[in-house]
Structure formats: C-alpha cells, structure tokens
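S.K.: sequence-free structure coming up:
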C-alpha cells in the first residue's frame, strides 16, 4: 500500500497483530483513529501505557493485580483449601463471572507443549506446592485439549503423591442445548463422564 | 446411499461440469486427460474431506482463477444432503453442509461413505506398513467417530512427545518434559489398540468370506494385525520408560499403535513378499469388497463404489463378475477410456437406473 503514509501503515501493522484482527479490520481501526479527536488518541495511548506499567503478577497465585497480592488472595471469606488451577490469568475472570466459585486460583502460565518448548519447569508449578496442605482440594481447570489433559494428569500425579485431592472439571452437554444438535465428540464424552442419579 | 449429482467449477481441467448419477451403474468415459478421474476425486473430496490424489488441495484450483467450487447432492434413504467445498486462491477453504459452514472435514467422514478402487490404491497391498495403517485407520474412521477423535488426540500427543525427545537431546531440557506425556500417550494408545483389534477381527472375517465366495475357494486370504509391543496401559508405560534412552537418541517414540503391523497372507504366503501382480490385484478387489460390507454392517449405509480405470488393469475374463460382486445393490461409478471395451466385458449401463457420460477433451 504505497499510497498510505508510513505512520498510518505502522499503526495498521500494530493492530493487525491483535488476536482476531485481520488486515481489513486493522485498517478500519487505524482510519477511525485518524478521524477521532486528539484526546481520544492520547487516552488510548495512556491506557495502554498505564496497563503495562501498573499491572503485575500476584506473588501468590500469579493472577494479575496492581498490588503485590491480588484481591482474591487477600479475601478472607474465600475457602483457602480449594484451589482452582487455570492456564492463563484471563481464565480467572471467566470463573469469577459465574459468582459461584469461592475458592482461590493458581495460574500456570500455559500448558505443557514441547512443540512450543514448554516443559514442566516452564510452568508455575513450584509456587503451587507451598500453598497446599492435607485438606486441600485442587481443581484442575485446564482446557480439554491434548495439552490441557496432559498437564492435568501431570499435576494429578505430582499432587496425589502428597496426599492432596485432585479433581478435574467435568465435560459434557452445554446447559440449554439440545441433544440433537450436540456434536459427536461432546456426546461421546458426556456418555463417558455420566453421573449417577 | 448414492451420489445424485456433482457439480464442479474451476476444478482441475473442468471449467464447469455437472453430472447426474443414477442409483445403478454409472459410466464416465473419454480419452486420456479428459478429466474422468477428476470427477471421482471431486466425489471423494466431499465424502472424506481430502483428495486421494494430492495433499495440497490448492493444486486442484485452475491457474488464474479466484476460487474452486464442488457441490454434491447425496441421497440417504429419503434424506438428501448437499455438501459444498469452496477453495479460494489465497489458500482458505471451507466445507458447507446443507448451507451451513462446518468446522472441519472431520464432520464429513462417514456421512456419505464411498469405496474407491483405483490404481493408486495398490499401495495398500504393496506399500510400506504405514500405507496399510493409514488405510485401516480411514476405514475405521468411517464407522466410528470415537476412533477419529482418539486417533487425532494420539497423533497430537505423539508429536508433542517426539518434540520433547528432540528438546531433551539438543537443549538439555529435563527428562520430565518427555515423561509427562507417557500417561496420555499410553491412554490414547490403549483405546486405539482396543478398537483396532475388535475391528480388524471383524474385517478379517469378512475378507475371508468374500475371498471364499468370489473365487469359489481358490484364494484363501488372511489378514493379520500385530499390535506393537504392549497392550495394557501399564505395560505400555513400562516399555516407554525402558526405551527412553533409545527414544531420546533417535528423537522418535519407538513404541505404540503408530508402529502396528498389518500383514496379508495369500494362500499361506506373505503377499507383500511373494505376491505376483495378479495376486495383488485380486487381493485389492477382495479387500474393497470386504470394506464395502464392513461399512454397511456398521453404518447401515451402502457405500457408493468408485472404480477408476479398473478394467484396463484387471485381467479377469468378465469384469461384470467383479462389478456384481462389488456392487450388487450398490451405486457404482466407473471410468473407462472406451465404452465399447466395457460393453464387451459385460458392463452395460442401459437400465433406467444407469447413466453414461462421455467426456471430450477440453
């Protein structure tokens, strides 16, 4: 795109790096900013900088916070024996939205994936060990992918040897769905993971 | 099950073509390079989501064209479904089932089964062990979605473990990077073995029966599946542990279902080592007959039989015997260079359920 000035092109390149944003959308976003007020642009730039400078990882769980320890870890009303292990910090907010989990979290920072060079030593597993005791239950909430499953099995083995109860999120039918429209893989797993009434 | 209609656009050497098929015998004939096999390839693409001729679908798009389209209408009893494949020149492709885009080709497998007998398929009896593994994996995938899922998970796990082996050998990564995968590998591997053993037993029984019936006892076929190493999850894990050093050295996991061996015995001899050309051909036909029966038995759907250039290659006296044994009450689509030859061999597509197309050179 030789006819587009370089400064706009650079912005388009930056936007196009975002997940879910293609070149067309990136172009629209860039031209939207061009027409927006200077104030809008400054606010956007400031918000990005603020986030990058203020946000840090919680010393205990690895979640995101602006302090040393996150609000969830400081909350005395939460069940400290129940720890939900998630892949990414963003997963915490998925659980928090439900308003029905009152334990703590632990962020692994990824899953086992040698193809991406990630082994057990590259995950935040060591920091999980001091957090557990004989009364702990660890819920492994990694994704139901091959990598997520393997990470869950690895954690289970490690923690079971320390006498901790390790559980895994169930897989099955989505709420409000219709059996007829459920894909085969989900249905097979729902049969495997059936519960007694 | 039958293919009712297939339409292609900018696909291989067809600018545009639309063929309608009857539920009986359908013949597509024309000279070399007139695009007969491409029509069969188009049907196969909609049935399996991939081609039997190439791994790179983009190759099938005519040069200089924006996009390639294949649309097929399949009939299953009273139900009809329409499948479309749309391949753009920038590499994007999508499958559309009854006007709704689907997530991947995996959803198509087993929906409209076809059984192909083409000269390329001869690698099933002549080729390396891997060729037979992929063939049987495909047949089992048609009848079991669970098998497809396990196979995909197993392959991914294997890839991860092999990547870990390389990391440990080259970057001095800790061994736990590898062993963390042993549980998943053994678990998925065990599922594959259990299904393979059950299916291959059935398949082998069907194969013996069709061989006996078709050759009036002249040919005895025996299909043997030798699962690699262990069969229980714990035994497999133990072997993975024992061969860890070797695996690291080779950068490759040496045991598991991906090393299974299938052997075909022809009248008591190993076909791959001792079989003549003719023995390979007849075995191929018999395997395909067994495949059609296997699919019908499990899915209740009679597959469409696709015969590419079969009669030029087979030295049977009367091809109609092959045809009736393979096809009986199944839809059959045949390609040939000359229809007169075909008629001489006893194939006569003149019934109300039959069709015949002549493709000219473009």
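M.R.: Received, thanks. Predicted model only: the values in this text are computed from it and were never measured.
S.K.: care to break chain B down by domain?
M.R.: Segmentation of chain B into domains, based on automatic domain parsing, reads B:1-113+B:301-362, B:126-299.
S.K.: Nearest approach to residue A:84 belongs to which of the ones you listed?
M.R.: Nearest of those to residue A:84, taken as CB to CB: domain B:126-299 at 20.8 Å. For glycine as for every other residue, the C-beta is placed from the backbone atoms N, C-alpha and C.
S.K.: Can you give the distance from the closest one to the centre of its chain?
M.R.: Computed by CA atoms, centre = their mean, to the nearest Å, the separation of domain B:126-299 from the middle of its chain amounts to 14 Å.
S.K.: could you give me the average pLDDT of it?
M.R.: Domain B:126-299 shows a mean pLDDT of 91 in the predicted model.
S.K.: Tabulate the domains of chain B in a markdown table, adding columns for mean neighbour count and distance to residue A:73.
M.R.: Shown next, in a markdown table, are these (neighbours: other CB atoms under 10 Å in any protein chain shown; distance: least, CB to CB, whole Å):
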| stretch | mean neighbour count | distance to residue A:73 |
| --- | --- | --- |
| domain B:1-113+B:301-362 | 17 | 38 |
| domain B:126-299 | 18 | 27 |
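S.K.: Same list (the ones you listed) but as a markdown table, adding distance to chain A.
M.R.: Conversion of the domains of chain B to a markdown table gives the following (distance: least, CB to the nearest CB, whole Å):
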| stretch | distance to chain A |
| --- | --- |
| domain B:1-113+B:301-362 | 8 |
| domain B:126-299 | 3 |
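S.K.: Among these, which comes closest to residue A:112?
M.R.: With respect to residue A:112, and counting by CB to CB, the nearest of the domains of chain B is domain B:126-299 at 5.4 Å.
S.K.: Straight-line length of the closest one, end to end?
M.R.: With CA to CA, to the nearest Å as the measure, the ends of domain B:126-299 fall 29 Å from one another.
S.K.: cool, and stretch A:121-137?
M.R.: Taking CA to CA, the span from the opening residue of stretch A:121-137 to its closing residue is 23 Å.
S.K.: Could you give the average pLDDT over it?
M.R.: 92.
S.K.: Look up how far residue A:49 lies from residue B:122.
M.R.: Distance check for residue B:122 against residue A:49: by CB to CB, to the nearest Å, it reads 65 Å.
S.K.: So the two - more neighbours on which side?
M.R.: Between residue B:122 and residue A:49, counted using other CB atoms under 10 Å in any protein chain shown, residue B:122 has the larger neighbour count: 17 against 10.
S.K.: Residue B:289 versus the more buried one, what's the distance?
M.R.: Spatial separation of residue B:122 from residue B:289 under the definition CB to CB is 16 Å.
S.K.: ok, and the residue nearest to residue B:123 when sequence neighbours are not counted, which helix or strand is that part of?
M.R.: Spatial nearest neighbour of residue B:123, excluding adjacent residues (CB to CB, 6 or more residues apart in numbering or on different chains): residue B:131 at 4.6 Å. Element membership for residue B:131 (DSSP states H and E) is helix B:129-143.
S.K.: Over to residue B:340?
M.R.: Assigned by DSSP H and E, residue B:340 belongs to helix B:339-344.
S.K.: List the residues that contact the residue lying closest to residue A:121 once chain neighbours are set aside.
M.R.: With CB to CB, 6+ apart as the measure, residue B:174 is the residue that lies nearest to residue A:121, at 5.9 Å, once sequence neighbours are left out. Residue B:174 is in contact with A:119-121, B:168, counting by CB atoms under 8 Å, 6 or more residues apart in numbering or on different chains.
S.K.: mind listing the strands for chain A?
M.R.: A:56-57, A:64-65, A:82-86, A:104-107, A:137-140, A:165-168 (DSSP state E).
S.K.: For the third one, give me every contacting residue.
M.R.: Residues lying outside strand A:82-86 but in contact with it, judged by CB under 8 Å, 6+ apart, are A:92, A:95, A:101-108, A:128, A:131-132, A:136-142, A:155.
S.K.: so residue A:65 makes contact with residue A:74?
M.R.: No. Here residue A:65 lies out of contact with residue A:74, judged by CB atoms under 8 Å, at a distance of 9.3 Å.
S.K.: wait, isn't residue A:73 in contact with residue A:64?
M.R.: No. With contact defined as CB under 8 Å, residue A:73 and residue A:64 do not form a contacting pair (11.7 Å).
S.K.: Contacts (any at all) between chain B and the helix or strand of chain A with the lowest mean pLDDT?
M.R.: Taking mean pLDDT, DSSP states H and E as the measure, the helices and strands of chain A show their lowest mean at helix A:184-192, namely a mean of 82. Yes. Under the criterion of CB under 8 Å from any CB of the partner chain, chain B is reached by helix A:184-192 at A:184-185, A:188.
S.K.: Just the buried positions in that helix, please.
M.R.: A:185, A:188-190 (16 or more other CB atoms under 10 Å in any protein chain shown).
S.K.: Distance to residue B:334 for the contacts of residue B:174 - can I get that in JSON lines?
M.R.: As requested, these are exported to JSON lines (distance: CB to CB, whole Å):
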{"residue": "A:119", "distance to residue B:334": "55"}
{"residue": "A:120", "distance to residue B:334": "57"}
{"residue": "A:121", "distance to residue B:334": "60"}
{"residue": "B:168", "distance to residue B:334": "53"}
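S.K.: now, which of those lie within helices?
M.R.: Residues from the contacts of residue B:174 lying in helices, with DSSP state H as the criterion: residue B:168.
S.K.: Which of the contacts of residue B:174 are buried? Put it as a ChimeraX command.
M.R.: Provided next is the ChimeraX selection string for whichever of the contacts of residue B:174 are buried by 16+ other CB under 10 Å:
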select /A:119,120 /B:168
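S.K.: so which of the contacts of residue B:174 comes closest to residue B:244?
M.R.: Comparing those against residue B:244 with CB to CB places residue B:168 closest, at 9.3 Å.
S.K.: Might one say that the closest one is in contact with residue B:179?
M.R.: No. The pair residue B:168 / residue B:179 is not scored as a contact, 10.0 Å apart, by CB under 8 Å.
S.K.: what's next to the lengthiest helix in chain A, contact-wise?
M.R.: Longest helix in chain A by number of residues (criterion: DSSP H): helix A:38-54. Outside of helix A:38-54, the residues within contact range by CB under 8 Å, 6+ apart are A:33, A:66.
S.K.: List the buried residues of it.
M.R.: Using 16+ other CB under 10 Å as the burial criterion, none of the residues of helix A:38-54 qualify.
S.K.: how far does that helix sit from the chain's center?
M.R.: Between the mean C-alpha position of helix A:38-54 and that of its chain there is a distance of 24 Å (CA atoms, centre = their mean).
S.K.: Also stretch A:77-90?
M.R.: Between the centre of stretch A:77-90 and the centre of its host chain there is 12 Å, according to CA atoms, centre = their mean.
S.K.: Average pLDDT for that stretch, rounded please.
M.R.: Taken as a whole, stretch A:77-90 has an average pLDDT of 95.
S.K.: Return the set of buried residues in it.
M.R.: A:81-89.
S.K.: Check stretch A:168-187 too.
M.R.: In terms of neighbour count (16+ other CB under 10 Å), stretch A:168-187 has its buried residues at A:168, A:185.
S.K.: Repeat that for stretch A:122-142.
M.R.: Using 16+ other CB under 10 Å, the residues of stretch A:122-142 that count as buried are A:122-123, A:125, A:127-128, A:131-132, A:136-142.
S.K.: Now residue 120. Nearest residue, chain neighbours left out?
M.R.: Looking at chain A here, since you left the chain open. Leaving aside its sequence neighbours, residue A:120 sits nearest to residue B:176 (CB to CB, 6+ apart; 4.9 Å).
S.K.: try chain B instead
M.R.: Sequence neighbours aside, residue B:52 is the residue nearest to residue B:120 in space, at 6.3 Å (criterion: CB to CB, 6+ apart).
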